[in-house]
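1. sharing a model prediction with you, sequence too.
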Amino acid sequence: MCNFRHPHSLGIAFRKSRVTINYMSQPQGPILIVEDIPHILELLEVTLKFKGYEVITARNGDEALNALLSVKPALILTDILMPRLDGYALAQEVRSNPETCDIPIIFVSATFITPEDKDFAMSLGAVRFLEKPIEASELLLTVAEVLTGEISEQPKPLPEQAFQRGYSDRLKEKLLQKENQILRAQRLVEIVPSEQRPAFEALLAQTKFQRDQIEEELRTLEALLDQHETKTL
């Protein structure tokens, strides 16, 4: 059971707490995979289904919340950097809802992998943190450990402003990293042989897309923080 009784106001989830959920009657529930990159989503899904797990999928946190209206998964396996609603915000909302607060969450990321990123993830109630690329054996072992082991009592969700400030710090650090990666990729595009250029141009485009995602999240988050500061004046 979760160690709080009332839903907490959501961090950056942009919605009020959900209504009571009518869950499907399943012995344990499926694994919910939340991932916006199609080939990674497919790889995770195929790997888990091959081992006999029931799996449902979502392409972002918003789709995951819609899935939680009808089914309570045994485990949520989620990326962090995603459009519309990312993994950090998804975890904060899951923990803030008494109907879902006891669902274990495993974070999977290739971007948010610093010790500070992982500490923030654990403060949101994550039970494990995996870095991409993931070996199938590591994924299956981690999932099995979580599903068969005893999960310690989940922490209370972070207060809204504490979540937003911590989240803002993580986004600002990632934004700086992406800007540096873009500069390096731009230099490489200019100097690599012509036959290698398409690969580096694709990498540059992907990094710019991720930079834009982070900027959008940060703008929204800073607007929320400004609203809170204005109310307290």
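-> On my side now, so go ahead. Numbers count the residues shown, from 1 in each chain.

2. tell me the secondary structure at I106.
-> strand (DSSP: H, G, I helix; E, B strand; the rest coil).

3. can you list the domains in this structure?
-> 31-148, 160-232 (automatic domain parsing).

4. okay if I get these as CSV plus mean pLDDT?
-> Shown next, in CSV, are these (pLDDT from 0 to 100):
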stretch, mean pLDDT
domain 31-148, 94
domain 160-232, 88
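
5. quick one: closest of the ones you listed to Q154.
-> domain 31-148 (4.8 Å; C-beta to C-beta). Just so you know, the C-beta spots here come from the backbone N, C-alpha and C atoms, and that holds for glycine as well.

6. do you know how far the residue nearest the centre of the chain is from A185?
-> Geometric centre of the chain, nearest residue: G87, 1.7 Å, by C-alpha atoms, centre = their mean. Distance of G87 to A185, computed by C-beta to C-beta, to the nearest Å: 25 Å.

7. next one: L176
-> 15 Å.

8. more neighbours, the two?
-> Just comparing L176 and A185: by other C-beta atoms under 10 Å the higher neighbour count belongs to A185, 19 against 11.

9. hang on, isn't the more buried one packed against L204?
-> Yes: contact criterion C-beta atoms under 8 Å: A185 and L204 qualify, at 4.1 Å.

10. run through the neighbouring helices and strands of the helix ranked longest in the chain.
-> If you go by DSSP state H, the chain has its longest helix at helix 197-232. Under the contact definition 3 or more C-beta pairs under 8 Å, 6 or more residues apart in numbering; DSSP states H and E, helix 197-232 sits against helix 160-191.
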